[in-house]
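>>> here are the coordinates; sequence isn't available:
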C-alpha cells in the first residue's frame, strides 16, 4: 500500500489516538441486545405462537452466537481492551436471561398459563454465556493479531 494511502487511512482511523473507537460497538450491540430482550419478553409473556417468532429465530442466534466474535475482533482492531471485549461477550446472555425472567413475571401477573421449558434457565443462559465468552475471546485474539500485523506492515516490516 503506498504511504499516502496508508497515511490517509491512518487519518480516518487513528489506531493510537484517544478516545477509543470501540464505543460505537457497544451502542450497536446494546441496540441488538435491547431488541432481543424486547422480543423475548413479548414472546414469553404474551403468546408463544406470535408473528415475531420468525424474527426471534433469526435474532437470537445472531445476537448470542454470531455477533460476539465479530464484536471481539472489531474491539481489538479498534483499540479496545480485553475487559471491553468480555463485556461485549457476556452482555447478550445475561440480558437474555433477565428478559426471560421478566417475561415470565409479566405472564404470571397477567395470569397467562406458562409453558413448561425443556431445560432450566440457568443451563441455557450458562451455555450461551460460555459460548459468548469463548467466541469473543477468539475474535479478540484474531483482531489483536490483525492489528499487530497491520502495524508491522505499516512500519515497513521493521520491528518497532
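Arrived safely, thanks for sending. Predicted, not measured: the structure shown is a model, and the values here were computed from it. Numbering: from 1, shown residues only.
>>> the helices in the chain, which residues?
Per DSSP state H, the chain carries helices over the ranges 3-12, 23-45, 53-61, 67-77, 82-109, 121-154.
>>> Need the contact partners of stretch 106-119.
Stretch 106-119 has contacts (CB atoms under 8 Å, 6 or more residues apart in numbering) with 41, 44, 45, 46, 48, 104. To be clear about C-beta, it is placed using only N, CA and C from the backbone, and glycine gets the same treatment.
>>> ok so, going back, determine which stretch of the helices of the chain is the most buried.
Ranked by mean neighbour count, the helices of the chain are led by helix 67-77 with a mean of 25 (mean count of other CB atoms under 10 Å).
>>> so how far is it from its chain's centroid?
Taking the mean of its C-alpha atoms, helix 67-77 sits 8 Å from the chain's own mean (CA atoms, centre = their mean, to the nearest Å).
>>> and that helix, what does it pack onto?
helix 23-45, helix 82-109, helix 121-154 (3 or more CB pairs under 8 Å, 6 or more residues apart in numbering; DSSP states H and E).
>>> need those in TSV with mean pLDDT, can you?
Shown next, in TSV, are the helices and strands packed on helix 67-77 (pLDDT from 0 to 100):
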stretch	mean pLDDT
helix 23-45	78
helix 82-109	86
helix 121-154	90
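>>> of all the ones you listed, which lies closest to residue 70?
Residue 70 sits nearest to helix 121-154 of all the helices and strands packed on helix 67-77, at 6.2 Å, using CB to CB.
>>> if we can go back for a sec, of the contacts of stretch 106-119, closest to residue 143?
Nearest to residue 143 among the contacts of stretch 106-119 is residue 41, at 32.5 Å by CB to CB.
>>> what's near enough to touch the residue found closest to that closest one once you drop the neighbours it is linked to in the chain?
Closest residue in space to residue 41, ignoring its immediate chain neighbours: residue 103 at 4.2 Å, by CB to CB, 6 or more residues apart in numbering. Taking CB under 8 Å, 6+ apart, we find residue 103 in contact with 40, 41, 42, 43, 44, 45.
>>> And the nearest residue to the last one once chain neighbours are set aside, how far from residue 28?
Closest residue to residue 45 apart from its sequence neighbours, by CB to CB, 6+ apart: residue 106 at 3.8 Å. Residue 106 is 27 Å from residue 28, where distance means CB to CB, to the nearest Å.
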